[in-house]
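Colleague: Sequence plus the predicted model coming up.
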Amino acid sequence: MAILDELKSIGKTLREVDKIPQYEQILDVMEKLIEMQKRISDLELDNKDLKDKLQTKDSLVHENNAYWINKDGQKDGPFCTCCWDDHQKTIRVQPAGNPAFCTCPKCKNTVKVYPDRDNPPHATQFRSTSFQ
Ligand SMILES: [Zn+2]
């Protein structure tokens, strides 16, 4: 960084001419500058994280007890509603035995995501024979 290089150069000169109190002032300023650079870097990361979450929030669609993201004409998901609503994390839910249900691997929330799959063959058979 140019400012740090300039401060180092000034510090070196001050040390060479035995201006120790001024040299120590330059060292203090350099330390504060490095702390400020770290703080700016941390804030930039936080800002990027918040922008990413805002972009995700804008693209979330709630459907069948889960969130979905429409991206480039493709539907991505399902994602856990609890994890997003509580922690703004897009956690992909996983199949949970019954093909109609999915479970979040993080919070263990189980929801019916695919209601059309909740139709076991024996139930269909029962319905079709019950009218005879
Ligand atoms: Zn969850």
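Modeller: Yes, it's here.

Colleague: how about the helices of this protein, start to end?
Modeller: Using DSSP state H, the helices assigned to the chain run over residues 2-16, 20-59, 81-87, 121-130.

Colleague: How about the residue nearest in space to the middle of the chain: what's its closest non-neighbour residue?
Modeller: When Cα atoms, centre = their mean is applied to the chain, the residue found nearest the centroid is K89 (5.4 Å). Closest residue in space to K89, ignoring its immediate chain neighbours: C83 at 4.8 Å, by Cβ to Cβ, 6 or more residues apart in numbering. For every residue, glycine as well, the C-beta is placed using N, CA and C.

Colleague: who are the neighbours in contact with the one you found?
Modeller: Residues counted as contacts of C83 (Cβ atoms under 8 Å, 6 or more residues apart in numbering) are K89, T90, I91, C104, K106, C107, N109.

Colleague: could you measure it against L27, distance?
Modeller: Per Cβ to Cβ, to the nearest Å, C83 is found 47 Å from L27.

Colleague: Test my guess that C80 contacts I91.
Modeller: Yes - at 4.5 Å, C80 counts as touching I91 under the criterion of Cβ atoms under 8 Å.

Colleague: neighbour-wise, which of those two wins?
Modeller: Higher neighbour count among C80 and I91: C80, with 28 against 19, using other Cβ atoms under 10 Å.

Colleague: Now do that one against K53, distance only.
Modeller: Distance from C80 to K53, by Cβ to Cβ: 15 Å.

Colleague: swap in W84?
Modeller: Separation of W84 from K53 (Cβ to Cβ) stands at 9 Å.

Colleague: So what's the residue count around P78?
Modeller: Neighbour count for P78, taken as other Cβ under 10 Å: 22.

Colleague: repeat for R117
Modeller: R117 has 13 neighbours, counted by other Cβ under 10 Å.
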